[in-house]
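J.: Here is my input; please provide its structure:
(chains A, B, C and D)
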4 protein chains.
Amino acid sequence: MSTAESELRIGMVGYAFMGAAHSQAWRIVNRVYDLPVRARMAMICGRDETNVSAAADRLGWERYTTSWRELVDRDDIDVVDICTPGDSHAEIALAALAAGKHVLCEKPLANTVAEAQSMVAAAQTARADGTLSMCGFTYRRVPAVTVMRDLIAAGRLGVIRHVRAAYLQDWIVDPQFPLVWRLQNDKAGSGALGDIGAHIIDLTQFVTGQRIATVSALTETFVTERPLPVGAGSLTGSAGAGTGPVTVDDAALFLARLDGGAVATYEATRFATGRKNGLRVEINGSQGSVTFDLERLNELEFYDAARPGSEQGFTRILVTEPDHPYLSAWWPPGHLIGYEHAFTHQARDFLDAIATGTDPRPSFADALQVQQVLDAVGRAADEKASWTDVDAGPDHQF
Amino acid sequence: MSTAESELRIGMVGYAFMGAAHSQAWRIVNRVYDLPVRARMAMICGRDETNVSAAADRLGWERYTTSWRELVDRDDIDVVDICTPGDSHAEIALAALAAGKHVLCEKPLANTVAEAQSMVAAAQTARADGTLSMCGFTYRRVPAVTVMRDLIAAGRLGVIRHVRAAYLQDWIVDPQFPLVWRLQNDKAGSGALGDIGAHIIDLTQFVTGQRIATVSALTETFVTERPLPVGAGSLTGSAGAGTGPVTVDDAALFLARLDGGAVATYEATRFATGRKNGLRVEINGSQGSVTFDLERLNELEFYDAARPGSEQGFTRILVTEPDHPYLSAWWPPGHLIGYEHAFTHQARDFLDAIATGTDPRPSFADALQVQQVLDAVGRAADEKASWTDVDAGPDHQF
Amino acid sequence: MSTAESELRIGMVGYAFMGAAHSQAWRIVNRVYDLPVRARMAMICGRDETNVSAAADRLGWERYTTSWRELVDRDDIDVVDICTPGDSHAEIALAALAAGKHVLCEKPLANTVAEAQSMVAAAQTARADGTLSMCGFTYRRVPAVTVMRDLIAAGRLGVIRHVRAAYLQDWIVDPQFPLVWRLQNDKAGSGALGDIGAHIIDLTQFVTGQRIATVSALTETFVTERPLPVGAGSLTGSAGAGTGPVTVDDAALFLARLDGGAVATYEATRFATGRKNGLRVEINGSQGSVTFDLERLNELEFYDAARPGSEQGFTRILVTEPDHPYLSAWWPPGHLIGYEHAFTHQARDFLDAIATGTDPRPSFADALQVQQVLDAVGRAADEKASWTDVDAGPDHQF
Amino acid sequence: MSTAESELRIGMVGYAFMGAAHSQAWRIVNRVYDLPVRARMAMICGRDETNVSAAADRLGWERYTTSWRELVDRDDIDVVDICTPGDSHAEIALAALAAGKHVLCEKPLANTVAEAQSMVAAAQTARADGTLSMCGFTYRRVPAVTVMRDLIAAGRLGVIRHVRAAYLQDWIVDPQFPLVWRLQNDKAGSGALGDIGAHIIDLTQFVTGQRIATVSALTETFVTERPLPVGAGSLTGSAGAGTGPVTVDDAALFLARLDGGAVATYEATRFATGRKNGLRVEINGSQGSVTFDLERLNELEFYDAARPGSEQGFTRILVTEPDHPYLSAWWPPGHLIGYEHAFTHQARDFLDAIATGTDPRPSFADALQVQQVLDAVGRAADEKASWTDVDAGPDHQF
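T.: Presented below is the predicted three-dimensional model:
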C-alpha cells in the first residue's frame, strides 16, 4: 500500500467537534484495518485563517485553506468530508459532487427537505460517473447497533411491535448557557429535533428495517432568551453581553406508526438533567427484545423468548468479541471501545465502498427520508389544534 | 387494642389477584403498624359459592356471601373493599356509600367518566356523614415513589420539564393466550390503557403535582382474535374451544402537556416482550432528576444538580432506611420489601384516616380526574385525522 | 383443614428482629400455600414480661410466657422455634427435643462446635421418635438461590472452579454505635463471622454441593471500644454512659479450598460503608457462571457458555415466574417478593416435612458443619505466624 | 511545534497486543494534547523480519529492525518503549538506560525481584544524567481510577478499611486453548498473578496510598496440560500437534493487610467464565466507598456518607466531564472513551515528564514494590502448611 493510485486524498471542511472526530478516523483507519486504499489527510478548510491553521497543525492535515470552493475544485482532492453546520451542507455537497469528488456529509443531510432533495438528485447524477456519497449517521457503526440490526434482520425478534427511543442530553439546562449556533434556526435548521432526534430516527429505522409513516408531535422551547456568545459558532462559547431569542426547539417528542406495523415513541431533548449523551433504544418484537444505551455503548441487552421460560431474561452482551462487527481489528474481548471508534468504522466502510465501487449507506436518499420525517414532525408540532384536551375535573390538589 | 369499638370490620368483594393482595394487607397491617383501630377480616363476597367459600378459608375471612348487596347492607360491616372488575365498581360503591360504609375501591375507579362522576358525587354526600372513600392507586405507597414525590415537593428537582413514563408488560404476547375478562371492553372498559396506563397517569401526576392538560394518542390491538377461555374471568384461564374478538387496546401511547409546563411521553403495553411488570418513570427538572422502576421497587435513582460537577451522577438510593416512608416498621436497612407491601401501607393509611376522620388520598375525585385523562386519551386515539403523514421519500430499502 | 389433628401449635422463643420475621411466616404460610397442616401461633416467650406481652399482642400470638422451660414442657406446643441469641440455642434445643417437640433453630446453630455437636446428637436421638429439627439458614429459600443450586446441580455450570462470596453491611461503621449483644463474644460467639459469614458459608456450600476443606483467614476489629447501650439486647439501642470493649470481629476474610476442587474468597464485614445487606455470590464453572445479590433478591444472573459466542452474556433472570421455586403461590410475573418471604418458604417446607415425616434441610448436622468451618476460620485467623510478609522495598510515596 | 529539538524519537520493541496499543498512543498523543514535545514513531523492533516489517507498515513506524540492541544503540532514538514478554525486560531496559535512552517498560517490570532490583538501580543511576524511566501500569490513567485516587487522597472516604479487588478473565477456560507464551513460566514469570494480578496490586496501592504488608495466598492451575501452539508467541495462536505442561498459575487468590490498616481480598483468574476483562475494585472507608469495573471504565460509583441519610446511595459518576482528569481534550460529556485511551494518557504524561525533567510515575521503584508483593504471594501460596483444615463433620450430602 504505497502507490499514489491507492491513495484517497481527503479534504475536510470544518474543524470543530465533528472535524476532530473525523480527523481521528482518517488518521487511524489504515492503522487498524487492512484496506485496499489509504486515506491521506490532504487539506482542511475553515473560514478563520488563524484557527484553521492551528487546527491543521494540531489535527495533522497537510495543508489548509479558508475557501471551501478552492478545496472542492482542487485536482489533488478525491474526497470531500463536510463537517460544517447544516446550512452549508447543500451548497458544498452540490459543488463537490459536480467536481467529481466523493462526498461524506455530516447529518442531518440538510436544513430543509428541498435542500436534501437537491442533494439526492446531485448524488444520483454523480453516481453515473462513479462518484459516491454518504451521510454520516455514525451510530449505525457502533458495533452493538449493528448487532441489533443483524438480530432483527435474522428474525430473532419476530414481528416488531414497539420502538421506544429517546436521545437525552442536558447541556443547555442552565439558562445562562449562551446562544450558540446550534440554538439558531438559520444555522441549525432545528434544535434537539434535527441534531439528536435525527439520530434516533435513522437508528431505529435502520435496525428495524421499517420506515416512519405518520407522526403526532410536540416541540417545546423551555428557555426562550439566552445570552449572546462571546465568540461566534462555538459549542462551548462563554456568555457575552446582551441576549437573543432561541429560535429552535429545546425538546421534540413524537409518536409514530411505522410502515411495518410497529408503534413508537420518540423523544429528543437537551433538558434531561443528568443525561449527558443518553441515546436509548428499546425494540420489542413478538419473539424477543433488544435495548441499547449510548452511555454504555459496548453493551447490548437481548431478550430471547425462545429460551426456556425459567431462564429468560435480558442478556447483557458485551459487544467486544472478535466475531462482533468491526471488532476483530481492535482489542481482545472485554477491552472497550469509545465514542470515536464508530467514525473509524464509517471511514473504513466509505473507503471500502470507494475502492470497490459499491454504494455506501446511509445514502443521501436515506438521509432525505430522515429529513422528511423531521419535516413531518415539525409540521405536526405546529398543528396544535389536533390535540385533545382533558376535561376539567373536580378542583383538587395533590 | 382489644375493645370492639376500636375494630373496623372489613367486607371485601372479589377474591382474585387483587383480593389476595388486599387480604394480605388486612391480615398483617396491625401486626406491622401501631394503629388506633384494628382491621377485622369479617366477610368476603364472590359470585361462585364453591370458589368464595374456598377463598374465605384460604385467605382467612370469617364469613362469606355470594351477594354483594348482602355484604353492603349488613350492620356488622364497617368498610367495603371493592376488588372486582371495573364494570361493577360504581354500583357497589354507590350502594356501600349509601349504606354508610367507608369504601376502598380498586382502580381504575370506573369504566366511564360518567360512572366516576356519580361515584364522586356519592362520596361527597357520604363525606358529610363522616363516611370516607379512597381509590386504590397503590403504587403511591411504594416508599420509593413517596420519596420521589417528597423530593419534588421540596423543590429538589426545580422546575419540572420532562415526564417519561412507561408501564411495560408482556403477558399476552402469545396469540394463544385466551380472551380473559381484561381483554373484553364491557368488563374492563379498556385494555392496557385503563389497567396499567391508569397507574402511570396517577403516579406521575402524584409525584409532580401537575395534571395532564392535553394529549395526543394512539392505541393498537396487535392480536384481534383470541381463543375463548375455559373458565370465565380468570387472569390465567387456559384456552378453550372457539375464538372471540379482543375489544380493548393491547397498547396505548400518548404525548401530554401538563398544567405546570412539563411535557411527557406515556406508554402502556402488554406487548413489551421480556418486561414483566416494568413500570418506569423518569422525571427531569431544572435542578435534578429521578427515575424509578417497579421491577426494582426498593430503589430510587436521584440526580442532584446541586452537587459538585465532577461528582454528579445518578445516586441509587436503596429505599429501605427507617427514615424512609413506611419503612421504620419493617426490616433493617437493606432488607427488601415486595410488591404487596404497598397494599399494607394503603391499608394503614386508610385505617388511620378513618380513625382520625381525615380525608384519605387518592380520593374518588382524584380518581375521576385520572378517568378523564383516560377518556381524553381514548378520544384522541380515535381522532386519526389529526396525525401528520411523512411524505413519500425516494424508494429504497434499508 | 379445620380439625385439631391437622394443626401444629408453634411456640416461639425470642421476639426481636428474627421473632418478627418468623411471626410473619407463621401468620401467613397457610394463607399462601396449601399444606396438609396448619400452623397455630400458640405461645411466645421472652424474659421481660412487659415486652413479651406487648409482642404477643402486636405479633398475634395467643399466649405468652417468660419461661422458655414452661413453653418447652407444655403439652399444647408441637414445635419450638428458637429465635434467641446463639448462647441459648443449645440449652433450649436440647430441652425441646427431649420433650418431643420439633425444633426450628435460628442460625448459627450454636456458639461453639461442642454445643453444635451436642445438638446434632440430640437431634439424631429425637429423630428415632419422629421428632424433626432444622436450622434456619433462610437464604436457601430465596427463590433465586434455589434456582442457582438447581442450575449447578443440573450441570449447567460444568465443573465449579471459583466461589466468590461477600456479605457486606455497614451498620456499625459509626464508632458511637453502642455495644449491643451482637458485639459481645459471650452472647454472639463471634461477630460478622458467625452472624453473616455463616450465611455465605452455608449458601455457597448449598448451591455448589461442595464443602469447604481448608482455609486461611484474618479477622479484624476496627473499633475496639464502644458506648454501652441504654437498653439491653436491642439491635438498635441508643448509646448510654460508659464504654466497653468489643469482643467480636468486625470483619472476617478467608480463602478456602472446597472438597470438589473449587477455590474461594469469603468476606463478612460490618464496615463496608454503603452496603446495607449486600450478600453477593458469584460462582464460575467450566460451562457457565451465576451471580446473586441479596439487595436485588428477585434477580439472578446466569452466563451460559453453551450459547452462541456472539450472544453470550450474563442474563438477568427476574425470578418471579410461576415455574420458579416457591413462586406459583405468590403474585404474577414481575411482582417482587421481599426479604421476609424466604421465612414463609422455610415455614412451608418445615410444616411439609413434619406432615410427611421427611427430613428437613438444612439439618442440625448441616449446621454443625458450618460451625466447624467457622471454627476453622477462627483458628486460622489466630495463627498469624502463617502469613508471609512482603519484603521491604525502596522507600517511596505514592 | 516543528523543530527537531522538540521531537522525541521513539523506538519500540515488540509489536503484538501491547505494541499495537502503544503505537496508537504515540500516533495520536500530539493530536489530542498540546505538549511541549512531539513523539515521532521512529523505529520498531521485532525478531521476525517479515512480521516486523508488516507491523511497521501497518502501525506506521518509519523504520524497523530485528535487533533490539541496534535500536537501543542508535543515536536517533530518544525513548525506548519495551512491549516484550517479561523475560526480556531487564536486559533491554538496562542496555537502554546505559545508552542514555528514556525507558517506558510494560508491566510487570520483570519476572523476578532480582531483575527488578537491578532495573531500579540502573534507573537511579541514569536519573543522575537526566534519563527517565517509567513502568506501564496503564490503568492508573483511566480517568475514573484517577478520580478514585483523588477522592481518597482528599479524605472523602475517611480511614480506609477494606480493599476488595478482582481481575477476572476467561480466555483460557477451554482446555483446548493452546500453550501460548503467557502460560509458560520461563517467558511470563507467572500466570494470572503477574499478568493481571499485578494490575490490581498496583491500582489498589495507588488509589489508597497504602502498601501491602503481609499476605496469605493460594494459586491454582486448573488445566495442567495444553496443546502446543502452531505459531510461537501469539496470544491467539491456534492449537497444533502435541501437548505441553502449563507452568504458571491459572488463578491466584490472596488476603492482605495493608500498611495503613486496611484488610483486603485479591483475586486474579483466567477462569471466571463470562468475565472478559473484569477488573473490579471496591474500597470502603469510614466516610465513604468507591467501586470501579474496567468493563464499564467510564463509570465510577461513589458513596458519600456525608450526604443526608435518606439520600445516601452509590452515585454512578459518568467520568466524561471536562473537569475530570485527562478528559478536557477528548469529547463532550457523555461521549465514552475506550480501553486504549489510557495509553494515550500515559504517553502524554511520559512526554510531559521528559519535557519538564520531572519524575514520571509509576517509577521502576514503584514497580519493584509490586514485584515484591507478587513474590510474597508466590511464596505464601507455596507454604501450604500454614492453612487450617476444617474438621471432618458428620457425613451428609447437600
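J.: pLDDT below threshold where in the stretch 1-150 of chain A?
T.: Scanning the stretch 1-150 of chain A for pLDDT under 70 picks out the ranges A:1-5.
J.: where along it do the strands fall?
T.: For the stretch 1-150 of chain A, the strands defined by DSSP state E, counting those that start in this stretch occupy A:7-13, A:38-45, A:63-65, A:79-82, A:102-106, A:133-136.
J.: Let me have the ones you listed in JSON lines, extended by distance to chain B.
T.: The C-beta positions use only the backbone N, C-alpha and C, and glycine is treated the same way. Below are the strands of the stretch 1-150 of chain A laid out as JSON lines (distance: least, CB to the nearest CB, whole Å):
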{"stretch": "strand A:7-13", "distance to chain B": "25"}
{"stretch": "strand A:38-45", "distance to chain B": "27"}
{"stretch": "strand A:63-65", "distance to chain B": "33"}
{"stretch": "strand A:79-82", "distance to chain B": "20"}
{"stretch": "strand A:102-106", "distance to chain B": "16"}
{"stretch": "strand A:133-136", "distance to chain B": "12"}
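J.: Out of those strands, the one nearest residue C:304 is which?
T.: Of all those, strand A:133-136 sits nearest to residue C:304, with 38.0 Å by CB to CB.
J.: So which bits of the stretch 1-150 of chain A are right by chain C?
T.: residue A:147 (CB under 8 Å from any CB of the partner chain).
J.: go on, the stretch 151-300 of chain A?
T.: Counting by CB under 8 Å from any CB, no residue of the stretch 151-300 of chain A lies close to chain C.
J.: in chain A, which spans are helices?
T.: Here chain A has its helices, by DSSP state H, at A:17-32, A:49-59, A:68-73, A:89-98, A:113-127, A:143-153, A:185-188, A:192, A:198-208, A:341-356, A:364-382.
J.: Could you provide those in JSON lines, with additional columns for mean neighbour count?
T.: Converted to JSON lines, the helices of chain A look like this (neighbours: other CB atoms under 10 Å in any protein chain shown):
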{"stretch": "helix A:17-32", "mean neighbour count": "22"}
{"stretch": "helix A:49-59", "mean neighbour count": "17"}
{"stretch": "helix A:68-73", "mean neighbour count": "19"}
{"stretch": "helix A:89-98", "mean neighbour count": "23"}
{"stretch": "helix A:113-127", "mean neighbour count": "20"}
{"stretch": "helix A:143-153", "mean neighbour count": "21"}
{"stretch": "helix A:185-188", "mean neighbour count": "17"}
{"stretch": "helix A:192", "mean neighbour count": "28"}
{"stretch": "helix A:198-208", "mean neighbour count": "25"}
{"stretch": "helix A:341-356", "mean neighbour count": "22"}
{"stretch": "helix A:364-382", "mean neighbour count": "25"}
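J.: okay, those helices in CSV with distance to chain D next?
T.: Shown next, in CSV, are the helices of chain A (distance: least, CB to the nearest CB, whole Å):
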stretch, distance to chain D
helix A:17-32, 6
helix A:49-59, 6
helix A:68-73, 21
helix A:89-98, 21
helix A:113-127, 26
helix A:143-153, 12
helix A:185-188, 16
helix A:192, 14
helix A:198-208, 13
helix A:341-356, 6
helix A:364-382, 22
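J.: okay, the ones you listed in JSON lines with distance to residue D:202 next?
T.: Formatted as JSON lines, the helices of chain A follow (distance: least, CB to CB, whole Å):
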{"stretch": "helix A:17-32", "distance to residue D:202": "28"}
{"stretch": "helix A:49-59", "distance to residue D:202": "33"}
{"stretch": "helix A:68-73", "distance to residue D:202": "48"}
{"stretch": "helix A:89-98", "distance to residue D:202": "49"}
{"stretch": "helix A:113-127", "distance to residue D:202": "53"}
{"stretch": "helix A:143-153", "distance to residue D:202": "30"}
{"stretch": "helix A:185-188", "distance to residue D:202": "47"}
{"stretch": "helix A:192", "distance to residue D:202": "44"}
{"stretch": "helix A:198-208", "distance to residue D:202": "39"}
{"stretch": "helix A:341-356", "distance to residue D:202": "27"}
{"stretch": "helix A:364-382", "distance to residue D:202": "48"}
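J.: List the contacts of residue A:256.
T.: Residue A:256 makes contact with A:163, A:212, A:213, A:214, A:215, A:216, A:263, A:264, A:265, A:266, according to CB atoms under 8 Å, 6 or more residues apart in numbering or on different chains.
J.: In PyMOL, how would I select just the buried ones from the residues you listed?
T.: The buried residues among the contacts of residue A:256 can be selected in PyMOL (16 or more other CB atoms under 10 Å in any protein chain shown) with this line:
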select buried, chain A and resi 163+212+213+214+215+216+263+264+265+266
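J.: looking at the strands of the stretch 1-150 of chain A, which is closest to residue A:223?
T.: Across the strands of the stretch 1-150 of chain A, closest to residue A:223 is strand A:102-106 (CB to CB), at 25.9 Å.
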